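Enquirer: what would the 3D arrangement of this be:
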Amino acid sequence: MSHILDLFKPMIPSLINSLHKGQAGRVAVMGGSKEYTGAPYFSGISSLRIGSDICHIFTPTEGGTATALKTLSPELIVHPIEKNDPSEIIPWLLSLHVIIIGPGLGRSQGAWNCASEVIKAARNINLPIVLDGDALRLVAENLEIIKGYDRAILTPNFVEFKNLSDSVKKMMGDTSNNLLKPEQVASQLGNITIVQKGKEDLITDGNQVILCDNEGMPRRCGGQGDILAGAIGTMFAWSQLYYKYNNNNSDKIQENEQQYPISMISSFAACSLLRHSSKKAFEKNRRSTITQDIINEIPKCFEELFPESL
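Expert: As a prediction, the model looks like this:
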């Protein structure tokens, strides 16, 4: 599948002196809760390590979550959100290239109501969305908030995918005990992109399927999904920017589209980077490998996967 990485390479922003801050990606993460502070940090710092210029974190004040995140890294722009008020987030959407919703979000009704309003607002302006973690449980309860939006990427693990499958079957009137295939779920939801995480990452838009089975690591430390969400969001933003600034190169873009949509190309590149980084981290740290070890490998592994990407 190295040819898919070749399709992604032109979408990586060139590092040239004439660039302005933000042109290589303005990413946001909406998530975090009093129980889960690390998740949005892992997504956000991974995005910056991959090469986005700016990363905003929208996170609640409850339980000191926002304060804790502010102390983890001065690189992240942390917005403390009072009482899950979506009006504190929605005005920022116009300045973003992608929003990642779900890492550490939790399952409170207030957080879910806020996330629903932000998803609706993002759809209204065609902002790319990556949905992860508890945001996928929210989608499973209300498929309509994401159905038909082809600028959305969903990143379920096995349990999260089963919830989505059950909800789609209910929508279809299917009373069997069968688990739908990811491509069936993607198709029923209007050909949105699904990245089903597992031993192999299966990426589909309902029409086509790509498997990412590159070697990763056997250590299942928490946080790897958060890294992947940050990676997918960043790379999806880059692909959107590539289209925006290369509209005079329509023949090349059309050729790529006929092979795979950019949501799938971006997702495959992100899955490949996470697997390569986790493999390298495990080679050094073995059983003691933690999420930060994987993040530390991202810079070198990115250059190994995408040589001469400057």
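Enquirer: in the stretch 101-250 of the chain, which spans are strands?
Expert: Secondary structure of the stretch 101-250 of the chain by DSSP state E, counting those that start in this stretch: the strands cover 129-131, 152-154, 193-196, 201-204, 209-212.
Enquirer: how about those strands in TSV, adding mean pLDDT, distance to residue 139 and mean neighbour count?
Expert: (Glycine included, C-beta is placed from N, CA and C.) Below are the strands of the stretch 101-250 of the chain laid out as TSV (pLDDT from 0 to 100; distance: least, C-beta to C-beta, whole Å; neighbours: other C-beta atoms under 10 Å):
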stretch	mean pLDDT	distance to residue 139	mean neighbour count
strand 129-131	98	6	29
strand 152-154	98	7	26
strand 193-196	98	11	26
strand 201-204	98	16	24
strand 209-212	96	21	17
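Enquirer: so which of those strands gets nearest residue 86?
Expert: Closest to residue 86 of those is strand 129-131 (C-beta to C-beta; 14.3 Å).
Enquirer: where's residue 58, which helix or strand?
Expert: Per DSSP states H and E: residue 58 is located in strand 54-60.
Enquirer: that strand - what's its average pLDDT?
Expert: The average pLDDT within strand 54-60 is 98.
Enquirer: any chance of the strands of the stretch 101-250 of the chain in CSV, plus distance to residue 7?
Expert: Below are the strands of the stretch 101-250 of the chain laid out as CSV (distance: least, C-beta to C-beta, whole Å):
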stretch, distance to residue 7
strand 129-131, 19
strand 152-154, 17
strand 193-196, 15
strand 201-204, 13
strand 209-212, 11
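Enquirer: residue 289 is nearest to which of the ones you listed?
Expert: In terms of C-beta to C-beta, the element of the strands of the stretch 101-250 of the chain nearest to residue 289 is strand 201-204, at 19.0 Å.
Enquirer: what helices and strands are in contact with the closest one?
Expert: helix 182-188, strand 193-196, strand 209-212, helix 262-285 (3 or more C-beta pairs under 8 Å, 6 or more residues apart in numbering; DSSP states H and E).
Enquirer: spit out the contact partners of residue 119.
Expert: Shown in contact with residue 119 (C-beta atoms under 8 Å, 6 or more residues apart in numbering): 101, 129, 131, 145-146.
Enquirer: distance check, it against residue 144.
Expert: Distance of residue 119 to residue 144, computed by C-beta to C-beta, to the nearest Å: 11 Å.
Enquirer: still on that earlier bit, give me the next element, helix or strand, following the strand holding residue 58.
Expert: According to DSSP H and E, the helix or strand after strand 54-60 is helix 65-72.
Enquirer: list of residues touching that following helix?
Expert: 32-34, 37, 40-41, 45, 57, 59-61, 76, 78-81.
Enquirer: equivalent analysis for stretch 277-289, please.
Expert: For stretch 277-289, contacts defined as C-beta under 8 Å, 6+ apart pick out 214-219, 221, 224, 227, 293-298, 300-301.
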